[in-house]
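In: Pasting the sequence and the predicted coordinates here, then a few questions.
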2 protein chains.
Amino acid sequence: MPVPHELMASFVDVPVNSHFPLQNLPYGVFSRRSRGAQPSIERSVGVAIGNHVLDLAVLQKAGLFAGQLKSVDCFQKGTLNAFMQLGKPAWAKARATLTRLLSADEPTLRDNLDLKKQALVPMAEVDMHLPADIGDYTDFYASREHATNCGMMFRSKDKALSDNWLHLPVGYHGRSSSIVVSGTPVRRPRGQIVPPGAAQPEFAPCAALDFELEMACLIGSGNAQGEAISTADADDHIFGLVLMNDWSARDIQKWEYVPLGPFNGKNWATSISPWVVTLEALQPFRVAAPGQEPPILPYLEHPQRQTYDIQLEVALQPGGSDTASVITESNARHLYWTWPQMVAHHTAGGCNLRPGDLFGSGTVSCEGPKGRASLLELSWGGTQPFTLDDGMQRTYLEDGDTVTLTGFCQGDGYRVGFGSCTGTVLPVT
Amino acid sequence: MPVPHELMASFVDVPVNSHFPLQNLPYGVFSRRSRGAQPSIERSVGVAIGNHVLDLAVLQKAGLFAGQLKSVDCFQKGTLNAFMQLGKPAWAKARATLTRLLSADEPTLRDNLDLKKQALVPMAEVDMHLPADIGDYTDFYASREHATNCGMMFRSKDKALSDNWLHLPVGYHGRSSSIVVSGTPVRRPRGQIVPPGAAQPEFAPCAALDFELEMACLIGSGNAQGEAISTADADDHIFGLVLMNDWSARDIQKWEYVPLGPFNGKNWATSISPWVVTLEALQPFRVAAPGQEPPILPYLEHPQRQTYDIQLEVALQPGGSDTASVITESNARHLYWTWPQMVAHHTAGGCNLRPGDLFGSGTVSCEGPKGRASLLELSWGGTQPFTLDDGMQRTYLEDGDTVTLTGFCQGDGYRVGFGSCTGTVLPVT
């Protein structure tokens, strides 16, 4: 009989409200900060537990995994791709092994002081990296509230949603090369901008720099070109979720995006959180997804149309200020289109997915006073400045601003969290 | 004193009008068809010469390269990425070495029968593969004639070009995973389509399957995130050009593309030719690019605004027919935006390019009776069927149709060619 989540405990200390209790075990890629002058360049796969990282390369070399996971070196590659490619049964086995090894009543690791010293690294002593080699990155537009807000500003109030929006999860291909891990500063881009009232574009620093609060899923196992993945099978192909900040230059985007979509307005940087929370860890937080009307086509239907109850928050802290203001409060459960629907739509025509591919949800806005999940929406296209807790005003981001996304699922006495996704705006060069 | 191109000859036989004389030396990735049952899975970098492939891994192992190229194993990787990353000076040295080794009056390879037997493989005995790991694929829309034709059909005659089109090279991010090498069959996709006169979409096989004749460049050396590449430096970052067929499902595209651009209409397959013709080989074919009016912003100007005179052709052969009809004749010199302008624009906001990234030009249409380089344009949105040489009619592609793109530069007594990019349409599953 499985131990109830709220009772599961680890011999590793897990502070109250930690995002990383034994119930979570998110995967990430890290390197150890050496005590000497040079940082280590060796990357390893780990899971987060409390304020520590458990080095899975050490465990794998020590022979602590069984079966398939014993004979491969998937945790010694410096990315998660090899492990992702093994598929859902391998993910389940790894999680079961790690849950057991970290449990309070399991002596294997707990009582092996040498091994424990090698394998458990304080988070303060590691640098986090991108969790996977991301071959292709797709960004969807799955929040009805966000799409409606954008449509009202860019097009018209009467026809805010495009004709297709309620029929398919609208998405576009994004830029993989410029995806960076949380903590990486991002530089304000220059670009072609048509100043208000002007007839001609100029080349200038972005004056409407924005964040977008998004969730993103990492594809675990892919599909062959020409073969679709059904909504029923889609969860088997999803490895887990991260937080994502889809940094956006609104003035560049506005001028360039007709007719082929966002390009330089978005491709200069996208940040993701380092810890991938698996679908298994999210199971207790499944909730019904919003109803869909008009009815959708059969290839997008799925019997148990569920999503995840993930509380999301954005904090903005100006450079030099010691106050971070919470400017957005949202929840992933409001997304109109689910991850299985995005997977099924993306592959419906035969497009092949590969391990490590990233799908962004689009900005997760919702109803409510703080439900707008981008500055475009919060300042209503830059027309309504708002005041931060330290008294400063903002429409769009200023140089030195730090944007921090956080997210977690609230269990009974524990949290399954995503940690944070943070980045600071550097001035143009 | 360099030997004039028209006088350069190789000891390897080069048939008249071959695309691959000594003046070309395009790079590709191949594997040898074994004489036994199993095809070899070992991939090697080669250059095409006449009807042969010269295996550069063999030459590198034999110590025939000098300097930097002697101490690395860049030709033994199975992709061109490692060689691309070495940068333009290494590309120039490799070309000089190969030109010398293949020359009629150079005995090193010519007279070493063992080495020659190992290194020179008949094209009929190799399979070609994608030349590089393509991290990101971007498709531009650089032909004024094509953009005008599409705008007239999709939007209006008066305002065919979008407001931004004459100010920047419009582009979008495409899908890398589904890029295939010439010769790979492509499967007709299904997708959401609104039938003519209907109010609601249905999920159905594409009924408006199209090709697009494009050129594409492969990025050789990249740039750091946050740092732009100028038009003046852009050529140093471009490794070479290939032919590209941007297969398109027009009915899927039409319904999905507002507001974020093409998605499932394009991401199911893109074909490229296997041989990468280097910018060095194209130097003799530089011509002035079309003038630009209104004047462009300074970051897109380049002093010698040149492009390449590359004759392009599309042939369509129905399944079961023995006649291929030439339906398009165009030339890359007509592209309004040049490769350096595309590179400068793509990186202007700090987007980083990586070795192996692919830039498509967009459909290379031009004036003239056969200047339309897609069926969308040739059949004017499916409204004007046209007749092939064998008497069959077409608006869009039928199952079994084979589309073959070819392209070459005509020199005085020789051709620097791209070979072909071909693909056959398979029915939906």
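Out: Perfect, thanks for sending it.

In: tell me the pLDDT at the residue of chain A found nearest chain B?
Out: Proximity of chain A to chain B (C-beta to the nearest C-beta) peaks at A:G261, 2.5 Å away. Quick note: C-beta positions are derived from backbone N, CA and C, even for glycine. Predicted confidence (pLDDT) for A:G261: 94.

In: in terms of contact, does A:P169 touch A:Q341 like I think?
Out: Yes - if you go by C-beta atoms under 8 Å, A:P169 and A:Q341 touch, sitting 5.6 Å apart.

In: how's chain A carved up into domains?
Out: A:5-129, A:137-426 (automatic domain parsing).

In: just those: most buried one?
Out: Highest mean neighbour count among the domains of chain A (mean count of other C-beta atoms under 10 Å in any protein chain shown): domain A:137-426, with a mean of 21.

In: what about it, how long is it end to end?
Out: 24 Å (C-alpha to C-alpha, to the nearest Å).

In: Near chain B, which residues of the stretch 101-250 of chain A? Just list them.
Out: A:135-136, A:141, A:154-155, A:162-164, A:167-168, A:170-178, A:180, A:187, A:189-192, A:200-203, A:206, A:222, A:225-228, A:249 (C-beta under 8 Å from any C-beta of the partner chain).

In: Report pLDDT for A:G36.
Out: At A:G36, pLDDT is 62.

In: what's the answer for A:S156, then?
Out: pLDDT at A:S156 comes out at 86.

In: so who does it touch?
Out: Residues in contact with A:S156 (C-beta atoms under 8 Å, 6 or more residues apart in numbering or on different chains): none are found.

In: Confirm it sits in a helix?
Out: No - using DSSP: H, G, I helix; E, B strand; the rest coil, the assignment for A:S156 is coil, not a helix.

In: What's the separation between it and A:T148?
Out: Per C-beta to C-beta, to the nearest Å, A:S156 is found 12 Å from A:T148.

In: Kindly report the same for A:I238.
Out: For A:I238, the distance to A:T148 - C-beta to C-beta - is 27 Å.

In: quick one on the thing from earlier: residue contacts, the nearest residue to the residue of chain A closest to chain B once chain neighbours are set aside?
Out: Using C-beta to C-beta, 6 or more residues apart in numbering or on different chains and skipping residues adjacent in sequence, the residue nearest A:G261 is B:G261, 2.5 Å away. By C-beta under 8 Å, 6+ apart, B:G261 lies in contact with A:172-173, A:257, A:259-262, B:172.

In: 6 Å instead, please
Out: By C-beta atoms under 6 Å, 6 or more residues apart in numbering or on different chains, B:G261 lies in contact with A:172, A:260-261, B:172.

In: Could you look up the SS state of it?
Out: coil.

In: Below-threshold pLDDT in the stretch 201-350 of chain A: ranges please.
Out: By pLDDT under 70, the stretch 201-350 of chain A has no low-scoring segment.

In: so who does A:R190 touch?
Out: A:205, A:428.

In: B:G350 versus that one, what's the distance?
Out: 8 Å.

In: Check A:L113 too.
Out: 48 Å.

In: A:A216 too?
Out: Counting by C-beta to C-beta, the gap from A:A216 to B:G350 is 21 Å.

In: Also A:V14?
Out: 39 Å.

In: in the stretch 51-200 of chain A, which spans are helices?
Out: Taking DSSP state H, counting those that start in this stretch as the test, the helices found in the stretch 51-200 of chain A are A:56-61, A:68-71, A:81-85, A:88-102, A:107-110, A:113-119, A:144-154.

In: right, and these - which one's nearest A:P318?
Out: helix A:144-154 (24.4 Å; C-beta to C-beta).

In: elements contacting that closest one?
Out: Contacts defined by 3 or more C-beta pairs under 6 Å, 6 or more residues apart in numbering or on different chains; DSSP states H and E place helix A:144-154 against no helix or strand at all.

In: switch to 10 Å and redo it
Out: The contact analysis (3 or more C-beta pairs under 10 Å, 6 or more residues apart in numbering or on different chains; DSSP states H and E) places helix A:144-154 against helix A:250-256, helix A:375-378.

In: I'd like the ones you listed laid out as CSV, including distance to B:V277.
Out: Listed next are these as CSV, based on distance: least, C-beta to C-beta, whole Å:
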stretch, distance to B:V277
helix A:250-256, 30
helix A:375-378, 44
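
In: so which of those helices comes closest to B:K370?
Out: Nearest of the helices and strands packed on helix A:144-154 (C-beta to C-beta): helix A:250-256, 32.0 Å.

In: ok, is the helix or strand immediately after that closest one in the chain in contact with chain B or not?
Out: Scanning forward in sequence from helix A:250-256 by DSSP states H and E, the next helix or strand is strand A:270-272. No - Strand A:270-272 is not in contact with chain B by C-beta under 10 Å from any C-beta of the partner chain; minimum separation 10.7 Å.

In: The following helix or strand past strand A:270-272 pairs with which strands?
Out: Downstream of strand A:270-272, the first helix or strand assigned by DSSP H and E is strand A:277-278. In the sheet, strand A:277-278 lines up against strand A:238-245 (antiparallel) (DSSP bridges).

In: what residues does stretch A:145-153 touch?
Out: With C-beta atoms under 10 Å, 6 or more residues apart in numbering or on different chains as the test, stretch A:145-153 has contacts from A:141, A:143, A:157-162, A:165-166, A:170, A:212-214, A:250, A:254, A:330, A:334-336, A:361-368, A:371-374, A:376-378, A:380-383, B:259.

In: Try it again at 8 Å.
Out: So stretch A:145-153 is contacted by A:141, A:159-162, A:165, A:170, A:334, A:362-367, A:371-374, A:376-377, A:380-381 (C-beta under 8 Å, 6+ apart).

In: for chain A, longest strand please?
Out: Longest strand in chain A, counting residues (DSSP state E): strand A:415-426.

In: what angle sits between that strand and strand A:238-245?
Out: 40 degrees (axes from the mean of the first three to the mean of the last three C-alpha atoms, to 10 degrees).

In: so what strands line up beside strand A:415-426?
Out: strand A:186-187 (parallel), strand A:402-410 (antiparallel).

In: Redo these as CSV? Include mean pLDDT.
Out: As requested, the strands paired with strand A:415-426 are exported to CSV (pLDDT from 0 to 100):
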stretch, mean pLDDT
strand A:186-187, 98
strand A:402-410, 98
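
In: can you tell which of those strands is closest to B:D390?
Out: That would be strand A:186-187 among these, by C-beta to C-beta, at 57.0 Å.

In: what separates that closest one from the chain centre, distance-wise?
Out: 19 Å (C-alpha atoms, centre = their mean, to the nearest Å).

In: which residues touch that strand?
Out: With C-beta under 8 Å, 6+ apart as the criterion, strand A:186-187 contacts A:180, A:247, A:268-269, A:271, A:423-429, B:225-226, B:350.

In: Angles on the backbone of A:D13, please.
Out: Here is the backbone geometry of A:D13 (degrees, to the nearest 10): phi -60, psi 130.

In: Tell me which of the helices of the stretch 51-200 of chain A sits nearest to B:L282.
Out: Among the helices of the stretch 51-200 of chain A, if distance is taken as C-beta to C-beta, the winner is helix A:81-85, at 36.2 Å.

In: Determine the set of other helices and strands touching that closest one.
Out: helix A:88-102 (3 or more C-beta pairs under 8 Å, 6 or more residues apart in numbering or on different chains; DSSP states H and E).

In: who touches the helix it packs on?
Out: A:8, A:10-12, A:22, A:25, A:47, A:49, A:54, A:56, A:59, A:64-69, A:83, A:106, A:108-109, A:220-221, A:236, A:239, A:278, A:280-281.
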